[in-house]
Structure formats: C-alpha cells, structure tokens
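Visitor: based on what follows, work out the 3D shape:
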Amino acid sequence: MRENLKLKIAGMLYRQAFLVWPLFGVITCVSFAAEKPNVIYILADDLGYGDLGCYGQRVIETPHLDNMAAEGMRFTQHYSGSTVCAPSRSCLLEGKHSGNTYVRGNGHLQMRENPLDLIFPEALQRAGYHTALIGKSGLGCNTNDASLLSKKGFNYFFGFTAHVKAHWYFPSYLWRNNNGKVNKIKFPNNTLHTGEHYSSEIVINEALNYIERQKQGPFFLHLSFQIPHASLRAKEEWKAKYRPILKEKPLPAKEKHPHYSYEREPKTTYAAMVSYMDHNVGRVIAKLRELGIDNNTLVMFASDNGPMKEGGHSRDSFHSNSFLRGGKRDLYEGGVRTPMIAWWPGTIPAGSVTDHISAFWDISPTVRELTGAEAQLDSDGISMVPTLLGQHHKQQQHDYLYWEFYERGGKRAIRQGDWKLIQYETNRDLNPRTELFNLLEDISEKNDLAGRYPEKVSDLKMLMKQAHSPAAHPKFKLADE
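Guide: Numbers count the residues shown, from 1 in each chain. Okay, the predicted model is just below:
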C-alpha cells in the first residue's frame with residue numbers, strides 16, 4: 001500500500017508522529033521519534049553525462065561520486081532545465097520547464113521579487129527549514145544584486161551572483177547574505193586568473209562550515225559549484241596527478257589572458273578540476289558521517305547542462321557527452337541529459353539504477369513532499385519519491401518533457417515517450433526546420449525521421465504549442481508571437 005510506503009517518510013517529517021491503522025480488527029496507535037530530513041542538492045557546472053566513472057568515464061577519476069552511486073541511486077534519463085546555466089537553474093528552483101519560467105536564457109536579468117517567480121526554498125522555510133545557497137546563484141545571470149537571495153527564500157547565501165564573474169576562479173570579491181545582511185567579501189590579491197584565494201576551495205569550506213552550524217537541522221543546502229566551467233584553473237597538486245597519465249605537451253606561453261584564462265595544459269587541467277570537484281563531494285559526505293546525520297540527509301548531485309567547448313577545452317577530449325550527440329547550447333541529448341545521483345543511506349536502495357524519465361522541474365515537488373512543505377500547484381514537475389524509495393511501479397510518469405532556448409536563432413525540443421522533436425530558428429522562422437528522433441532505437445540521434453513520420457511531427461508540434469506560455473520578459477519571444 002502507498003500509505004505503508006510513506007510510513008518511512010512520515011517518520012522523517014515529524015518529531016513525534018502517530019500512526020493509526022487496523023490490525024486484526026483492533027485499532028493500534030504507534031508513536032515514534034523522528035526528524036525531518038536534511039536535503040543537500042549539489043549542482044556541477046557544464047559537467048557532461050560521460051564525465052563520471054559511474055557513467056562510463058575511463059580517464060578522469062571520480063571515486064567519491066562513484067561510491068555515492070554504489071551506495072545510492074543512479075539515474076540514466078534525468079534532464080537539466082535547459083542547455084545553458086541561467087534558465088536551467090530557474091527551472092530547478094521554480095519547478096517549471098523553460099516554457100513557463102521567467103528566466104528563459106542567459107543575460108542581464110534576474111528573477112522578480114515575490115510574489116512573482118516563487119521558488120521552493122521559501123516553502124521549505126515555512127516548513128521549518130533553514131535554507132542556504134552556496135556557490136553560483138541560480139536566481140538570474142549577470143547581476144550584482146546579492147540582496148535578492150534572502151528575499152526569495154534563502155536564509156544564507158555565499159558566492160557569485162553574476163555568472164560571468166563565476167568564469168574566474170580567483171575573483172576580486174564574493175557576496176555574503178546572512179538573513180538579509182549583505183556583505184561584499186573582498187580578495188584584494190586575486191587577479192581573476194591567479195591569486196591567493198581559489199574560489200572553489202572557499203566555497204566548499206563555506207559549505208562544510210554551514211553543515212556544521214546547522215547539524216541540528218533541518219536544513220536545505222543548494223551547493224552550486226562553478227567547476228568544471230571554464231576558465232580552466234586547477235590547483236597544482238591535482239594537475240600533477242594527471243600529467244603522467246595524459247602526457248600532454250604544454251601549449252606555448254602567452255603574456256595576456258583572454259576572457260577565459262589561457263591554460264597551457266587544458267586536458268590536464270580539466271581532468272584535475274573534475275577530480276577536485278569529486279573530492280569536494282567526498283568532503284560533504286564525510287562531514288555528514290562525522291556529524292552522525294548521514295542517515296537523515298538526502299544528497300542529490302547533477303549538472304546544469306551538457307559539456308562545454310570553451311576556454312580551450314574540448315568535450316571530445318574525454319568523451320564528456322558519452323554516446324550522446326551534442327553538448328552545451330544543443331537540445332540534442334548531450335546538451336540536456338545529465339548525470340543524476342541520489343544518496344540517502346538506509347532509505348534509498350544501495351546500488352540501484354533507474355531509467356525513470358525525470359527533469360529539473362521534478363526537484364521542487366520531490367523535496368516538498370519529503371520535507372512536508374506546501375505542495376506547488378503550478379509545477380510542471382512530478383515527485384520522484386516513489387522512485388527514490390525503490391517503489392518504481394507506483395511512480396507517476398511525465399506525458400512529455402519540454403525545452404526552449406533563445407540563443408543562435410532559437411531552438412525548441414519536446415520528448416514524449418521515446419520520440420523527440422527538435423525545432424530550429426524558432427525566434428525568426430514561422431515554419432522552423434524540424435528533426436524527429438526515436439531515442440529507443442537511436443540514442444545518439446543520428447537518424448532524422450521527420451520525413452517518414454509526418455503525423456508524429458504534427459502531434460508533437462501541437463503538444464509544443466500547449467506547453468509554451470508567452471514569456472513575461474520581452475527578450476524571449478517566438479517568431480509567431
């Protein structure tokens with residue numbers, strides 16, 4: 001029974017809970033002490049589907065994430081909110097796909113203040129949670145407004161508000177917002193590409209300190225890494241690990257850096273960055289175990305979009321998109337399918353793998369259900385709680401997944417079952433070019449079937465129209481609007 005399945009969740013939602021059920025014709029009352037679960041959602045930046053060992057990576061070592069998968073659940077068909085960072089994070093926090101969110105692309109914009117663009121951490125606050133975002137903000141893109149974080153639902157924030165500034169690992173400052181008190185934390189000896197304070201190290205230390213402070217719980221931490229997004233910058237000890245493996249010939253030296261740092265050993269540095277990120281995930285898990293709160297903490301890990309080709313890095317160097325086509329800024333699978341690992345000792349079945357089709361907009365309903373927060377009535381998402389608990393036969397399924405993207409002339413995509421339709425030039429063409437793929441037979445999206453199945457194309461186009469709502473921001477307009 002579903003109610004029996006929820007018994008374990010209920011025990012995490014109340015300090016003192018009472019369950020009443022008939023047993024041999026007698027009404028029995030059982031009480032038990034329990035705690036609301038802590039939730040940590042870790043998001044990598046531009047990490048590819050194939051960059052982790054547990055997803056097939058053979059060169060870059062990721063032992064901590066691989067162990068998370070071995071002790072938890074690995075998702076094979078989980079999707080990001082978009083193919084670039086700002087809209088992807090908006091989908092995550094708002095619980096909506098990119099046809100309904102406010103931030104539908106990168107640029108100089110951010111979410112509006114409440115009651116517009118509501119995000120799920122605020123609902124967690126009302127359910128008694130302390131909430132934090134540490135790392136790269138997901139409330140917009142290129143903005144210096146650190147005050148917005150507390151207004152939207154985060155008790156604590158530390159990190160980058162402007163995504164462009166997160167391209168640099170030695171920033172001149174980071175922001176701190178502690179319950180509305182905003183401070184600019186300056187690093188005067190940092191020069192963007194070099195310096196004394198490596199931002200990824202600062203961020204992970206902040207996260208560990210936060211977990212220590214909030215160990216009594218319940219808390220929600222959104223730990224948002226900038227790694228492995230370019231610029232390419234890694235600490236020397238991590239680069240040294242890969243030099244004898246990759247035997248990369250250093251590129252010629254340059255006196256000046258472009259926007260992204262100039263890295264003479266791009267392959268070595270990228271591998272070092274991913275391994276360092278993995279190491280930091282391991283530090284989070286170790287901290288939870290040290291504090292004795294690991295069995296009461298759900299940790300989820302994913303990437304905001306597909307692998308990049310920026311800052312001197314090529315996603316082909318390590319087959320970062322695995323067997324998938326494309327990467328960042330594509331709506332092929334390589335641009336939007338992401339690794340996803342969920343870890344919760346004693347609750348999530350160890351070593352489990354699921355092919356449940358899910359997306360970023362499912363995180364809001366999932367976390368709300370687990371924490372006892374108010375349900376989101378306008379979400380495009382579906383709670384994944386049955387899947388996390390291993391009750392796959394009780395998992396509700398999506399009718400479709402949908403994406404919009406407004407760069408490079410515009411693209412749209414929709415997946416329904418095994419069928420996927422992609423449109424191009426949607427910003428300016430009233431009759432956009434279309435591709436159709438059957439992912440069951442053609443996961444690498446090599447064979448366009450649009451000409452063979454015109455009725456399927458027509459059906460999916462109609463479904464796209466239903467999925468899209470006109471954007472509130474004037475920057476995001478389709479050609480026929």
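Visitor: for stretch 442-456, list the C-alpha coordinates in PDB.
Guide: Output in PDB follows, covering the C-alpha atoms of stretch 442-456 (Å, rounded to 0.1, in the frame of the first residue of the first chain):
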ATOM      1  CA  ASP A 442      18.700   5.900 -31.900                       C
ATOM      2  CA  ILE A 443      20.000   7.300 -28.600                       C
ATOM      3  CA  SER A 444      22.800   9.200 -30.400                       C
ATOM      4  CA  GLU A 445      20.200  11.000 -32.600                       C
ATOM      5  CA  LYS A 446      21.800  10.200 -35.900                       C
ATOM      6  CA  ASN A 447      18.700   9.400 -38.000                       C
ATOM      7  CA  ASP A 448      16.200  12.200 -38.600                       C
ATOM      8  CA  LEU A 449      12.800  10.500 -39.100                       C
ATOM      9  CA  ALA A 450      10.700  13.700 -39.700                       C
ATOM     10  CA  GLY A 451      10.100  12.800 -43.300                       C
ATOM     11  CA  ARG A 452       9.000   9.300 -42.500                       C
ATOM     12  CA  TYR A 453       6.600  10.200 -39.700                       C
ATOM     13  CA  PRO A 454       4.800  13.400 -40.600                       C
ATOM     14  CA  GLU A 455       1.800  12.600 -38.300                       C
ATOM     15  CA  LYS A 456       4.100  12.200 -35.300                       C
END
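Visitor: residues making contact with that stretch?
Guide: 323-326, 332-333, 419-421, 434-439, 457 (Cβ atoms under 8 Å, 6 or more residues apart in numbering). Bear in mind the C-beta positions are built from the backbone N, C-alpha and C, glycine included.
Visitor: strands of the stretch 151-300 of the chain, start to end?
Guide: 156-160, 173-178, 181-186, 219-224, 297-303 (DSSP state E, counting those that start in this stretch).
Visitor: can you list these in TSV and add distance to residue 278, mean pLDDT and mean neighbour count?
Guide: Formatted as TSV, the strands of the stretch 151-300 of the chain follow (distance: least, Cβ to Cβ, whole Å; pLDDT from 0 to 100; neighbours: other Cβ atoms under 10 Å):
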stretch	distance to residue 278	mean pLDDT	mean neighbour count
strand 156-160	20	98	25
strand 173-178	23	98	19
strand 181-186	26	98	12
strand 219-224	13	98	26
strand 297-303	10	98	24
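Visitor: of the ones you listed, which is nearest residue 123?
Guide: Of all the strands of the stretch 151-300 of the chain, strand 219-224 sits nearest to residue 123, with 10.1 Å by Cβ to Cβ.
Visitor: pull up the pairing partners for that closest one, direction included.
Guide: strand 38-44 (parallel), strand 130-136 (parallel) (DSSP bridges).
Visitor: hmm, who's touching the last one?
Guide: So that's strand 130-136. In contact with strand 130-136 (Cβ under 8 Å, 6+ apart) are residues 43, 45, 85, 121-122, 124-125, 149, 153-160, 163, 166, 203, 206-207, 210, 214, 218-226.
Visitor: that one: how far from the chain's middle?
Guide: How far strand 130-136 lies from its chain's middle: 13 Å, per Cα atoms, centre = their mean, to the nearest Å.
Visitor: angle of that strand against strand 156-160?
Guide: Calculated by axes from the mean of the first three to the mean of the last three Cα atoms, to 10 degrees, strand 130-136 forms an angle of 10 degrees with strand 156-160.
Visitor: now for the longest helix anywhere in the chain, which elements pack on it?
Guide: If you go by DSSP state H, the chain has its longest helix at helix 266-291. Helix 266-291 sits against strand 38-44, helix 63-71, helix 199-213, helix 236-246, strand 297-303, with contacts defined as 3 or more Cβ pairs under 8 Å, 6 or more residues apart in numbering; DSSP states H and E.
Visitor: how about the strands in the stretch 301-450 of the chain?
Guide: 337-343, 352-354, 358-359, 401-405, 411-416, 419-424, 433-438.
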